[in-house]
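1. Return a 3D structure for these sequence lines:
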Amino acid sequence: MAGKRSYGDACGIARALDLVGERWALMVVRELLLGPKRFTDVRAGLPHVSPDVLAQRLRDLEQAGVVHHRRLPPPYGSQVYELTPRGRALEPVLIELGRWGGANAPEPSDDMCMSLDAYVVSLRTLFDPQRAGDYCARVELHLGEERFRVVIADGQIEAGRGELPEADAVVESADPKTLIDVLHGHRPLAAALQAGTICLSGDKRKAKRFTQLFPLPAAAA
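-> You can find the predicted model right below:
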């Protein structure tokens, strides 16, 4: 793209980074993995980026064919950003990058935050198909006021924003970090259920098994 720095290297890695290697670019992609968002919603998920930088990254990604924007039909009328097929093709790259970072990067400090979408994307990152085995379930997550759908079948997981009709089970938590602590093994599910910070409904056996499928990666030596 004109005016942008380039590695000037013919390698596919370098050419990919020419398009999405600027600071915040892949984080914007992460925020759009689960569906379209308004500018304000993207920024809410990335509170440390300035509005000007975010606007520039969205323009860069749109120019690269990774993101496009559209206006919702009435009565909404809001402008939203969403990934193109080219942008969605980055999903496995981000998932593998998340796995690598989880095993190799330093532990996050207590003042670091994650967006709600990042919590849900981390389910894709940490999902262990061997633990899942023949587990098959449609699970709806209620995280605060937001709804997310997770479908697991044949050792594969899909996640997205929105309700899941005829879900097998519902996992509800007012504080997303509480659920993540349970999934990571930092807090027993029984203790969270007793405290009322997590609620299960529907097929509770499937709901409980769901919480066991996302172990933290082993730290690199």
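2. mean confidence score for the helix or strand encompassing residue 123?
-> Residue 123 is part of helix 116-126 when elements are defined by DSSP states H and E. Average pLDDT, helix 116-126: 92.
3. In the worst-scoring helix or strand of the chain on mean pLDDT, which residues are buried?
-> Of all helical and strand segments in the chain, the minimum by mean pLDDT, DSSP states H and E falls on helix 176-183, at a mean of 88. For helix 176-183, burial by neighbour count (16 or more other CB atoms under 10 Å) applies to 176, 178-183. The way it works is simple: take the backbone N, C-alpha and C, and place the C-beta from them, glycine included.
4. same thing with stretch 36-45?
-> Buried residues in stretch 36-45 (16+ other CB under 10 Å): 36-37, 39, 41-43, 45.
5. and it, C-alpha only, in PDB?
-> The C-alpha atoms that make up stretch 36-45 are tabulated as PDB, following Å, rounded to 0.1, in the frame of the first residue of the first chain:
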ATOM      1  CA  PRO A  36     -19.300  -7.300  13.100                       C
ATOM      2  CA  LYS A  37     -18.700  -4.400  15.500                       C
ATOM      3  CA  ARG A  38     -19.200  -0.600  15.600                       C
ATOM      4  CA  PHE A  39     -16.100   1.500  16.000                       C
ATOM      5  CA  THR A  40     -17.000   2.200  19.600                       C
ATOM      6  CA  ASP A  41     -17.300  -1.500  20.300                       C
ATOM      7  CA  VAL A  42     -13.900  -2.200  18.800                       C
ATOM      8  CA  ARG A  43     -12.400   0.500  20.900                       C
ATOM      9  CA  ALA A  44     -14.100  -0.800  24.000                       C
ATOM     10  CA  GLY A  45     -12.300  -4.100  23.500                       C
END
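6. all helices of this structure, in order?
-> Secondary structure of the chain by DSSP state H: the helices cover 12-20, 25-32, 39-45, 51-63, 85-88, 91-104, 116-126, 129-132, 176-183, 189-195, 204-210.
7. got the angle between the longest one and helix 116-126?
-> So that's helix 91-104. 80 degrees (axes from the mean of the first three to the mean of the last three CA atoms, to 10 degrees).
8. For this protein, give me the ranges with low pLDDT.
-> 1-3, 219-221 (pLDDT under 70).
9. which residue sits farthest out from the middle of it?
-> residue 8 (31.7 Å; CA atoms, centre = their mean).
10. for the buried residues of helix 176-183, which one is nearest residue 140?
-> residue 179 (12.8 Å; CB to CB).
11. Stretch 37-54: how far from the chain's middle?
-> Relative to its parent chain, stretch 37-54 has a centroid offset of 15 Å by CA atoms, centre = their mean, to the nearest Å.
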